[in-house]
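Chemist: I would like to see how this sequence folds:
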Amino acid sequence: MKIKNVIPRWKGFNLTNMFLFHLAKDFDEEDFKWISEWGFNFVRIPLCYRLWIEDDNVYKIKEEILEKIDKVVAWGQKYNIHVSLNFHRAPGYCVNNEFTEKFNLWRDESALDAFCFHWGIFAKRYKRVSSKYLSFNLVNEPLHPSPEVMTREDHNRVIRRTVEYIRNIDSERLIIIDGISYGNSPLPELSDLNVVQSCRGYLPMGLTHYKANWVGGENWPEPKWPGAWHYGEIWDREKLGRHYDEWAKLIGMGVGVHCGEAGAYKFTPHKVVIAWLRDLLEILKERDIGFALWNFKGPFGILDSDRSDVEYEDWYGHKLDREMLKLLQEY
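Modeler: The predicted structure follows:
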């Protein structure tokens, strides 16, 4: 059976409690309760492998951290939410630069061995959990191919070997792979793997990452929509739609596609965010692509985003962006 016929159009959020390599906060069951009650069916959990290793030894595992993830998987089943576990920091690679890896996932066999080992832990641990409720999103946002760090061939080799490794343990596990170029470019050469491919909803960057210091957005022009800046180009809905037409071609090949992250940073004017987000959601729905907002709580999200131009609603001690929530619920 082709993947596109077995995945629903997932809609939900990224829960970022385990995002930073030095932080392993407990997750909140109430998040799953609210997400379910609001009509969503998906959460993506960005994980960092360094949280569950000891003494910088990639093969020495701290069970107490994995037990936090066990709770997330169980809550997904309790609230009828699909949980996607993602290695945001994998052995040898992370899109963020807050920590320097000692090896390169794309080039070093020792890193790939460790990568497979860690996914093997989860494959064994959750073998009895149906793919209706759980998927493995192998590695967050592989970079743009370059001769220095990672070629397309390097990436394909890593993904193929890891998929084979997982399926030798659990042949039924649903697997998701992010596109290359930070999740923005599809991978038709991997269409035979029977995996879902994941795109991003961060274009144009001048709108979604305005004043974001980790990408140099402090000096970008204040965004508008349509007409937002993206590295010398001006984007509108038509251009945005053409971008996702490339991902829709995968669906025509029988490959499932999901937008694993989407959203705009807190400094983009709220009215601009809402106008752009509506166009994005319509474009994704037209192409039968689900979405997950980055994030649920935080500067891109619907709770506690700390925007200065939103009239928040109090929600059990949190600040709720009701207008954005209603928009997401429409799609």
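Chemist: residue ranges with poor pLDDT in the stretch 51-200 of the chain?
Modeler: The stretch 51-200 of the chain contains no residues with pLDDT under 70.
Chemist: can you give me the helices in it?
Modeler: With helices called from DSSP state H, counting those that start in this stretch, the stretch 51-200 of the chain shows them at 63-78, 109-125, 152-169, 180-183.
Chemist: is it true that K11 touches L327?
Modeler: No. Between K11 and L327 there is no contact under Cβ atoms under 8 Å: 11.8 Å. Any C-beta I mention is one placed from the backbone N, CA and C, and that applies to glycine too.
Chemist: Which one of those two is surrounded by more residues?
Modeler: More neighbours surround K11 than the other of K11 and L327, with 23 against 16 (other Cβ atoms under 10 Å).
Chemist: Per-residue pLDDT of the more buried one, please?
Modeler: With respect to pLDDT, K11 has a value of 98.
Chemist: Can you give me the distance of it to F40?
Modeler: To F40, K11 is 5 Å away according to Cβ to Cβ, to the nearest Å.
Chemist: any common contacting residues for the two?
Modeler: Common contact partners of K11 and F40 (Cβ atoms under 8 Å, 6 or more residues apart in numbering): L328.
Chemist: Pretty sure W214 sits in a strand.
Modeler: No. Assigned with DSSP: H, G, I helix; E, B strand; the rest coil, W214 falls outside any strand and is helix.
Chemist: Excluding chain neighbours, give the residue nearest to it in space.
Modeler: Distances taken as Cβ to Cβ, 6 or more residues apart in numbering place N96 nearest to W214, at 7.5 Å, with adjacent residues excluded.
Chemist: check contacts around that neighbour.
Modeler: H88, R89, W214 are the contacts of N96 under Cβ under 8 Å, 6+ apart.
Chemist: mind checking how far the first one is from V273?
Modeler: Looking back up the chat, that one is H88. Using Cβ to Cβ, we find H88 at a distance of 23 Å from V273.
Chemist: Compare the two (neighbour count), which wins?
Modeler: Under the criterion of other Cβ under 10 Å, the comparison of H88 against V273 puts V273 first, with 28 against 23.
Chemist: Isn't that one up against A264?
Modeler: Yes. The pair V273 / A264 is scored as a contact, 4.5 Å apart, by Cβ under 8 Å.
Chemist: joint contacts of those two?
Modeler: The contact lists of V273 and A264 share L207, where a contact means Cβ under 8 Å, 6+ apart.
Chemist: Can you give me the buried ones in stretch 39-54?
Modeler: 40-53 (16 or more other Cβ atoms under 10 Å).
Chemist: Nearest to E30 among those?
Modeler: V43 (12.9 Å; Cβ to Cβ).
Chemist: ok, and what's touching the helix or strand hosting that closest one?
Modeler: Per DSSP states H and E, V43 falls inside strand 42-48. Strand 42-48 has contacts (Cβ under 8 Å, 6+ apart) with 10-16, 18-21, 31-32, 35, 69, 72, 76, 81-89, 94, 137, 140, 260-261, 290, 292, 296.
Chemist: how far off helix 109-125 does it point, in degrees?
Modeler: If you take axes from the mean of the first three to the mean of the last three Cα atoms, to 10 degrees, strand 42-48 sits at 140 degrees to helix 109-125.
Chemist: Name the helix or strand for G12, please.
Modeler: strand 11-14.
Chemist: in its sheet, what does that strand sit against?
Modeler: strand 42-48 (parallel), strand 290-293 (parallel) (DSSP bridges).
Chemist: ok, back up a step: quick one: closest of the helices of the stretch 51-200 of the chain to T100.
Modeler: Minimum separation from T100 across the helices of the stretch 51-200 of the chain (Cβ to Cβ) falls at helix 109-125, 13.1 Å.
Chemist: gap between that closest one and the chain center?
Modeler: The chain centroid and the centroid of helix 109-125 are separated by 20 Å under Cα atoms, centre = their mean, to the nearest Å.
Chemist: Now do the buried residues in that helix.
Modeler: A111, L112, D113, A114, F115, C116, H118, W119, G120, F122, A123.
Chemist: what angle sits between it and helix 63-78?
Modeler: In terms of direction (the same axes, to 10 degrees), helix 109-125 departs from helix 63-78 by 50 degrees.
Chemist: Tell me who's in contact with W315.
Modeler: Contacts of W315 (Cβ under 8 Å, 6+ apart): L303.
Chemist: Please report how far it lies from S308.
Modeler: Distance of W315 to S308, computed by Cβ to Cβ: 19 Å.
Chemist: Take the strands paired with strand 11-14 and lay them out in JSON lines including distance to L207 and mean pLDDT.
Modeler: JSON lines is the format used below for the strands paired with strand 11-14 (distance: least, Cβ to Cβ, whole Å; pLDDT from 0 to 100):
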{"stretch": "strand 42-48", "distance to L207": "22", "mean pLDDT": "97"}
{"stretch": "strand 290-293", "distance to L207": "15", "mean pLDDT": "98"}
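Chemist: Many thanks, I have nothing further to ask.
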